[in-house]
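S.K.: Have a look; sequence and predicted model below, questions after that.
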Amino acid sequence: MCPGSYDPVTNGHLDIIERASKLFDEVVVAVLINKNKKSLFSVEERLEMLREVTAQWPNVRIDAWHGLLVDYCKAHDIGAIVKGLRAVSDFDYELQMAQMNQQLSGVETMFMSTNPLYSFLASSLVKEVATYGGDVSNLLPPTIERRLLDRLAEQN
């Protein structure tokens, strides 16, 4: 399980997904639905984008979930959550989450260090840079960059 908001999916996300796909027979990439969070793309759009950019990995499945991630894992017999860590600040937060998930359900969390090329990369930062006309072409797959720029243009 590789959970996230994926609003939008970045090259950093794809790096973790690809590496996880080499370690596991099946990897579920789950768009976590948070109704309290204002997203740029709808859940359906994020699912579509993820299906498009992960199509080359046949063992990757895309889904969405609202609620506790461990409930999804239990319902689908998933024993591990894979999380990418960019910095120590990620570890502090993710360690607490991993311990809570393990306590609640027995689901383990595996931490994968992010490729240094993407250690600074976050969807929110990419959206902010693109909003102000910055070049994000090396941070997103080309089709995702186009969708992001189109969406930002629609809003202006």
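M.R.: Cool, got the structure.
S.K.: For residue 121, give me its contacts.
M.R.: By Cβ atoms under 8 Å, 6 or more residues apart in numbering, residue 121 lies in contact with 10-12, 86, 114, 139. (C-beta placed from N, C-alpha, C; glycine too.)
S.K.: helix or strand for it, which one?
M.R.: For residue 121, there is no host helix or strand (DSSP states H and E).
S.K.: Leaving aside the residues adjacent along the chain, what's closest to it?
M.R.: Of all residues not flanking residue 121 in the chain, residue 12 sits nearest, at 4.1 Å (Cβ to Cβ, 6 or more residues apart in numbering).
S.K.: Phi and psi next, for that neighbour.
M.R.: phi -60, psi -40 (degrees, to the nearest 10).
S.K.: isn't it right up against residue 83?
M.R.: No: judged on Cβ atoms under 8 Å, residue 12 makes no contact with residue 83 at a distance of 12.0 Å.
S.K.: for the strand or helix carrying residue 153, packing partners?
M.R.: Assigned by DSSP H and E, residue 153 belongs to helix 142-155. For helix 142-155, the packing partners by 3 or more Cβ pairs under 8 Å, 6 or more residues apart in numbering; DSSP states H and E come out as helix 43-53, helix 123-131.
S.K.: Who are the packing partners of the shortest one?
M.R.: If contacts are counted by 3+ Cβ pairs under 8 Å, 6+ apart, helix 123-131 sits against helix 142-155.
S.K.: Using PDB, list the CA coordinates for the helix it packs on.
M.R.: Coordinates of each C-alpha in helix 142-155 appear next as PDB, following Å, rounded to 0.1, in the frame of the first residue of the first chain:
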ATOM      1  CA  PRO A 142       4.600  15.600 -18.800                       C
ATOM      2  CA  THR A 143       0.900  14.700 -18.900                       C
ATOM      3  CA  ILE A 144       0.500  15.700 -15.200                       C
ATOM      4  CA  GLU A 145       2.300  19.000 -15.700                       C
ATOM      5  CA  ARG A 146      -0.100  19.800 -18.600                       C
ATOM      6  CA  ARG A 147      -3.100  19.000 -16.400                       C
ATOM      7  CA  LEU A 148      -1.800  21.100 -13.600                       C
ATOM      8  CA  LEU A 149      -1.100  24.100 -15.800                       C
ATOM      9  CA  ASP A 150      -4.500  23.800 -17.500                       C
ATOM     10  CA  ARG A 151      -6.200  23.600 -14.100                       C
ATOM     11  CA  LEU A 152      -4.300  26.600 -12.700                       C
ATOM     12  CA  ALA A 153      -5.200  28.600 -15.900                       C
ATOM     13  CA  GLU A 154      -8.900  27.700 -15.400                       C
ATOM     14  CA  GLN A 155      -8.800  29.200 -12.000                       C
END
